[in-house]
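**Q** whatever this is, show me its structure:
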Amino acid sequence: MKVTFVVLGSEQLAVSLLANIAKQNGHEVNLAFCAALFHDRFNLEIPWLNKYFDDTDNTLSLIKEQQPDLLVFSALTATYQWCLEIARKSKEFLPNVKTVFGGVHVSAVPERALKKKEVDFVVVGEGEESFVQIINAIQNNNYTSPIPNTNYLSPLGEAIIGPKKAFEQNLDRLPPFTKEIFEPYIPVA
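**A** Numbering: from 1, shown residues only. Next up is the predicted model:
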């Protein structure tokens, strides 16, 4: 499966971890990175400058070029609307692409996020274990079994709410982060 992570503004550790998990399970992993200079919606906001540096169209071009089966977003509240916009526009030219939304924002309001037509799966809390199960559900076209820490709609439109699992306490059980996914965009020291 072709998986594209969509990232706004800066490196995200969750993406580095999930990208490695996807790679270890034999999936092609790409990144569609938007530098969001002067408009990262979080740290650096300079409205009169941001219009000159907006690279959202480039992000959409990368997605179109990569032709993913799955788009993955890790959304903060400040970046959530941008993520929805990218997902919405991507589904216009890739109508069969599935989307996974994780991160702080959707973990706080999963029911609201799942009501958005551009959101297919919502990961609440940690998604390291759930991510592989989500990919398997998409590959097998099997949307009936609950997935831990994941909410999604069945083909009949019924909400399937996975059981909540506790945070992983033994971080040594997690695979290493793959920072290589960010190297073309963010210099690594």
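
**Q** can you give me the helices for the protein?
**A** Taking DSSP state H, the helices of the chain run over residues 13-24, 47-53, 56-66, 80-93, 104-108, 110-114, 128-139.

**Q** dump these into a markdown table; add distance to residue 171, mean pLDDT and mean neighbour count as well.
**A** C-beta coordinates here come from the backbone N, C-alpha and C atoms, glycine included. Formatted as a markdown table, the helices of the chain follow (distance: least, C-beta to C-beta, whole Å; pLDDT from 0 to 100; neighbours: other C-beta atoms under 10 Å):
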| stretch | distance to residue 171 | mean pLDDT | mean neighbour count |
| --- | --- | --- | --- |
| helix 13-24 | 10 | 90 | 19 |
| helix 47-53 | 36 | 66 | 10 |
| helix 56-66 | 30 | 93 | 16 |
| helix 80-93 | 27 | 96 | 18 |
| helix 104-108 | 19 | 93 | 18 |
| helix 110-114 | 24 | 93 | 18 |
| helix 128-139 | 10 | 92 | 19 |
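
**Q** export the ones you listed to CSV and tack on distance to residue 165?
**A** Below are the helices of the chain laid out as CSV (distance: least, C-beta to C-beta, whole Å):
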stretch, distance to residue 165
helix 13-24, 15
helix 47-53, 39
helix 56-66, 30
helix 80-93, 23
helix 104-108, 13
helix 110-114, 14
helix 128-139, 7
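
**Q** for residue 167, find the nearest of the ones you listed.
**A** Closest approach to residue 167 among the helices of the chain (C-beta to C-beta): helix 128-139, 10.1 Å.

**Q** thinking again about what came up before, to residue 121, which of the helices of the chain lies closest?
**A** helix 128-139 (5.4 Å).

**Q** what helices or strands is that closest one leaning on?
**A** Contacts defined by 3 or more C-beta pairs under 8 Å, 6 or more residues apart in numbering; DSSP states H and E place helix 128-139 against helix 13-24, strand 98-102, strand 121-123, strand 150-153.

**Q** follow-up on the earlier one: of all the helices of the chain, which one is nearest residue 183?
**A** Closest to residue 183 of those, according to C-beta to C-beta: helix 13-24, at 11.0 Å.
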